[in-house]
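Engineer: Structure for this input, please:
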Amino acid sequence: MHAPSKAIPASTVAGAASRPLARPAVPETAFGKHFWLTYLANTTMMVAVSLLFRYADYVKLHGGGELELGQIVGIGMVGSLLVRLAQGVGIDRYGPRLIWLLSILLFVLSCLGHLFVNDLHAPWVYAWRIAMQTAVAGFFGSSITFISGRAPVHRVAEVVGTLGTSGFVGMAIGTHLGDWLFTRSREWTTADAVQAMFIIAAAVSGLSLVASWLATRGHAVRKGRRRPAVGRLLARYHPGVLLLVAVAMGFGLSLPATFVRPYAQELHISRIGLFFTIYPLTAFIMRLATARVPGRWGIRVMILTGMFLITLSMPMFLLVREPAHLIIPALFLGAAHASLFPSVVAGGSGAFPRRHRGLGTTLVLAMFDLGNLIGAPTVGLLLHTAERMGLAAYPTMFVVVACLLGACGLLYAMLSRNVPLPPRRKPVAA
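Structural biologist: Have a look, this model is predicted:
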């Protein structure tokens, strides 16, 4: 028998009908106009950043080699690393919009500032590189925080992963643009191409500024809430051994942007566009194909897969003898990037409450920067030392880096456990 239904007072019904339905704090779908404007902003910014993958040409133009390249890039990451946590607090306190737009303006200034520096031993080259990396850190930290904050917890990895495909699109466009600049005409000197590289990077990032402004227009910032000390938040919510993976990820994934160009030159390969087309294309396809895997199986599966692939990618460079062979390491690195980045960011961000997700995201990205900081000078020193000892420089470096990455992957496998994501909430019937 059915229980008798209780009568509902007419006043209650009328009151409920007169009140608008409360909107959820975060929409169930994050793929609206804000997402696609952010996607456009990320794509254009990544075009500018990947155009600067030929930064080695700037260093070589002024008499530097791999050692100086590693030092400048590594020291440049100091700025990014030092301001990461401050950016996280700033994003949580003032909202991602302010940090986002200021970061783009700083990037434009840093690109133009390089045009006035001709001495690699002058402090200005390091200052502008630090400013550049600080701007890139602020930009991507803000955009990722903005988008992940609009997604339900169980879909953060999916949303961050989809947004990440914008970087792959921009990477392919930017590197081909760089190849065109440096090989377009015999009338152009290397100095002309380097100057054009920085000017175009500044101009393209200006387009990103417009898209970012539109994406965040009307974004409200929560105010008036007491915020605990950063140290207490980190001690309470840090994601543990996942931070080691973020460092290893930064170490491994930063190498192509800095050292593929000089490695290709050593093999008498003038164009690197093929590598940076296959790399993002592979990552793009794999990311779309595995978008829902973290939600079903947890992020540990994706991280272990990514660490295995990034370790294998290093010896794959030893197979390169002609331009077409660059496809081989590009396939492995692209797949590794697609597996690692969204999973590591989602794991770090999801370890923190939503109101502190900016801090969680920037903490993971700070560890990524730490990997860059360690990686570039270490690789430069490895290459320099191997040459001094009469060893094959790049083969020695790739083997050593593969061993380091493999050790980090094994350590994560032993110390981690799979943490299931929260189940998706069922929509409440109207």
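Engineer: which helices and strands does the helix or strand hosting Ser80 pack with?
Structural biologist: Taking DSSP states H and E as the criterion, Ser80 maps to helix 66-94. Using 3 or more Cβ pairs under 8 Å, 6 or more residues apart in numbering; DSSP states H and E as the contact test, the elements touching helix 66-94 are helix 55-61, helix 96-113, helix 123-148, helix 230-237, helix 242-266, helix 357-388. C-beta coordinates here come from the backbone N, C-alpha and C atoms, glycine included.
Engineer: residue ranges with poor pLDDT in the stretch 201-350 of the chain?
Structural biologist: Scanning the stretch 201-350 of the chain for pLDDT under 70 picks out the ranges 218-231, 233-235, 237-238, 294-295, 350.
Engineer: Which residues are in contact with Ser270?
Structural biologist: Ser270 makes contacts with Thr183, Ala264, as judged by Cβ atoms under 8 Å, 6 or more residues apart in numbering.
Engineer: Report the secondary structure state of it.
Structural biologist: Taking DSSP: H, G, I helix; E, B strand; the rest coil as the rule, one finds Ser270 in the coil state.
Engineer: Next one: it from Gly178, what distance?
Structural biologist: Per Cβ to Cβ, to the nearest Å, Ser270 is found 11 Å from Gly178.
Engineer: buried ones in the helix holding Ser80?
Structural biologist: 66-81, 83-85, 87-92 (16 or more other Cβ atoms under 10 Å).
Engineer: same deal with stretch 338-357?
Structural biologist: Here stretch 338-357 shows 338-352, 356-357 as buried, counting by 16+ other Cβ under 10 Å.
Engineer: Equivalent analysis for stretch 122-137, please.
Structural biologist: 125-137.
Engineer: Then stretch 386-397?
Structural biologist: Result for stretch 386-397 [16+ other Cβ under 10 Å]: buried residues Ala386, Glu387, Ala393, Tyr394, Thr396, Met397.
Engineer: Without its sequence neighbours, what residue ends up closest to the fourth one?
Structural biologist: Just to be clear, that refers to Tyr394. Among residues not flanking Tyr394 along the chain, Tyr263 sits closest, at 5.5 Å (Cβ to Cβ, 6 or more residues apart in numbering).
Engineer: need the contact list for the spatially closest residue to Ile99 that is not a sequence neighbour.
Structural biologist: Nearest non-adjacent residue to Ile99, counting by Cβ to Cβ, 6+ apart: Ser142, 4.7 Å away. Contacts of Ser142 were listed using Cβ under 8 Å, 6+ apart, and they are Gln87, Ile91, Pro96, Arg97, Ile99, Trp100, Ser103.
Engineer: residues in contact with the residue nearest to Tyr394?
Structural biologist: Shown in contact with Tyr263 (Cβ under 8 Å, 6+ apart): Phe317, Val320, Tyr394.
Engineer: How much space separates it from Pro329?
Structural biologist: 10 Å.
Engineer: what touches both of the two?
Structural biologist: With Cβ under 8 Å, 6+ apart, Tyr263 and Pro329 have common neighbours Phe317, Val320.
Engineer: List the residues that contact Ile303.
Structural biologist: Contact analysis of Ile303 by Cβ under 8 Å, 6+ apart lists Leu242, Val245, Ser339, Leu340, Ser343, Val344, Gly347, Tyr412, Ser416.
Engineer: Sorry, slip of the keys, the one I care about is Val344.
Structural biologist: Going by Cβ under 8 Å, 6+ apart, Val344 touches Leu242, Val245, Ala246, Met249, Ile299, Ile303, Val364, Phe368.
Engineer: element containing it, please.
Structural biologist: helix 327-350.
Engineer: Could you export that helix as PDB, CA atoms only?
Structural biologist: This file holds the C-alpha atoms of helix 327-350, laid out as PDB (Å, rounded to 0.1, in the frame of the first residue of the first chain):
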ATOM      1  CA  ILE A 327      58.500  11.700 -36.100                       C
ATOM      2  CA  ILE A 328      59.600   8.800 -33.800                       C
ATOM      3  CA  PRO A 329      60.500  10.800 -30.600                       C
ATOM      4  CA  ALA A 330      57.600  13.200 -31.400                       C
ATOM      5  CA  LEU A 331      55.100  10.400 -31.200                       C
ATOM      6  CA  PHE A 332      56.300   9.200 -27.800                       C
ATOM      7  CA  LEU A 333      56.600  12.800 -26.400                       C
ATOM      8  CA  GLY A 334      53.200  13.800 -27.700                       C
ATOM      9  CA  ALA A 335      51.500  10.800 -26.100                       C
ATOM     10  CA  ALA A 336      53.400  11.300 -22.900                       C
ATOM     11  CA  HIS A 337      52.300  15.000 -22.700                       C
ATOM     12  CA  ALA A 338      48.700  14.100 -23.300                       C
ATOM     13  CA  SER A 339      48.800  11.500 -20.600                       C
ATOM     14  CA  LEU A 340      50.700  13.400 -17.900                       C
ATOM     15  CA  PHE A 341      49.700  17.100 -18.000                       C
ATOM     16  CA  PRO A 342      46.000  17.000 -17.400                       C
ATOM     17  CA  SER A 343      46.200  14.200 -14.900                       C
ATOM     18  CA  VAL A 344      48.900  15.800 -12.800                       C
ATOM     19  CA  VAL A 345      47.200  19.200 -12.900                       C
ATOM     20  CA  ALA A 346      43.800  17.600 -12.000                       C
ATOM     21  CA  GLY A 347      45.400  15.600  -9.200                       C
ATOM     22  CA  GLY A 348      47.100  18.700  -7.700                       C
ATOM     23  CA  SER A 349      44.200  21.000  -8.200                       C
ATOM     24  CA  GLY A 350      41.600  18.400  -6.900                       C
END
